[in-house]
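1. Starting from these lines, generate the structure:
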Amino acid sequence: MQSFIHPALTEQLLFIDVETVPLFPEFEELLPDAQKLWVEKSRQFRSPENEDPAVSYEKAGIYAEFGKVICISVGYVQDTADKRFFHLRSYAGDDEKQLLTDFSEMLKGWDKPGRFLCGHNIREFDVPYLCRRMLIHSIPLPSMLDMGGLKPWEVRHLDTLQLWKFGDYKHYTSLKLLAWCFGIPSPKSDIDGSEVAKVYYRDKNLPRIQQYCERDVLTVARLYLKMVQQGDIVDEAVQLRG
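-> As a prediction, the model looks like this:
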């Protein structure tokens, strides 16, 4: 692990997870120019080659050009003399610009020397996605997200996926798998990432997605604590903030 991974950092970490969906429920709702652009974009991963772009559009939510953020959940550990607390808060809604603005303002308040963001695969997904969507909405990037011009050791993003790789770049390890390895309850007990768009557009059940996102954040925090051998977070210690 990198040299800065030390138990003393636990209370300096803001654990984070993001949920995203396609911009529209169906491919046919895209304007003609956007449909053509999706056809070009989806050629990178469509399989087989003749797969209908309307079918592959189910994956549009993971691409910031064709998706949007509907929920960001964050949490942090607070250790007292005799008890550990875990504070959770979510930013969720249909108005992506307002959601991102509120999150950005919170992040500015969290931004103090020695503090980090922590998540699973946040370096390759959550952080780049948030930055791209903020720029599309003309929202200035908070310094904790903006990596422009920084040296690798100056980036304050702690990624449990990268920690688990120990320099091995051959494969991806899911949060669900690592939770199982460490005996942590699965965060996918209700839905998983592939079902988020359906729950959002068909079921119109954003609270269910928010709960799923919060479970992921709690799981990442528990995973990190296991990795640095600093105990656990009991369910009774979780404090939800509005």
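
2. Every contact and neighbour count from this point should use C-alpha atoms.
-> Will do.

3. Quick check: closest non-adjacent residue to residue 62.
-> The shortest distance from residue 62 to any non-neighbouring residue, by CA to CA, 6 or more residues apart in numbering, is to residue 20 (6.7 Å).

4. these two touch, right, that neighbour and residue 60?
-> No. Using CA atoms under 8 Å, residue 20 is not in contact with residue 60; the gap is 9.3 Å.

5. so what sits against both of these two?
-> Counting by CA atoms under 8 Å, 6 or more residues apart in numbering, the common neighbours of residue 20 and residue 60 are residue 67.

6. For the residue nearest to residue 62, report the pLDDT, please.
-> Turning to residue 20, the model gives it a pLDDT of 98.

7. Quick one: residues contacting it.
-> By CA under 8 Å, 6+ apart, residue 20 lies in contact with 61-62, 67-71, 196-197.

8. State the helix or strand in which residue 112 lies.
-> According to DSSP states H and E, residue 112 maps onto no helix or strand at all.

9. and what of residue 68?
-> Residue 68 belongs to strand 67-79, assigned by DSSP H and E.

10. Just give the nearest non-adjacent residue to residue 87, would you?
-> residue 239 (4.7 Å).

11. Any idea how many residues pack against that neighbour?
-> 12 (other CA atoms under 10 Å).

12. hang on, the earlier thing: any chance of the contacts of residue 20 in JSON lines with distance to residue 235 as columns?
-> Compiled in JSON lines, the contacts of residue 20 are given as follows (distance: CA to CA, whole Å):
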{"residue": "61", "distance to residue 235": "31"}
{"residue": "62", "distance to residue 235": "30"}
{"residue": "67", "distance to residue 235": "33"}
{"residue": "68", "distance to residue 235": "31"}
{"residue": "69", "distance to residue 235": "27"}
{"residue": "70", "distance to residue 235": "25"}
{"residue": "71", "distance to residue 235": "22"}
{"residue": "196", "distance to residue 235": "24"}
{"residue": "197", "distance to residue 235": "28"}
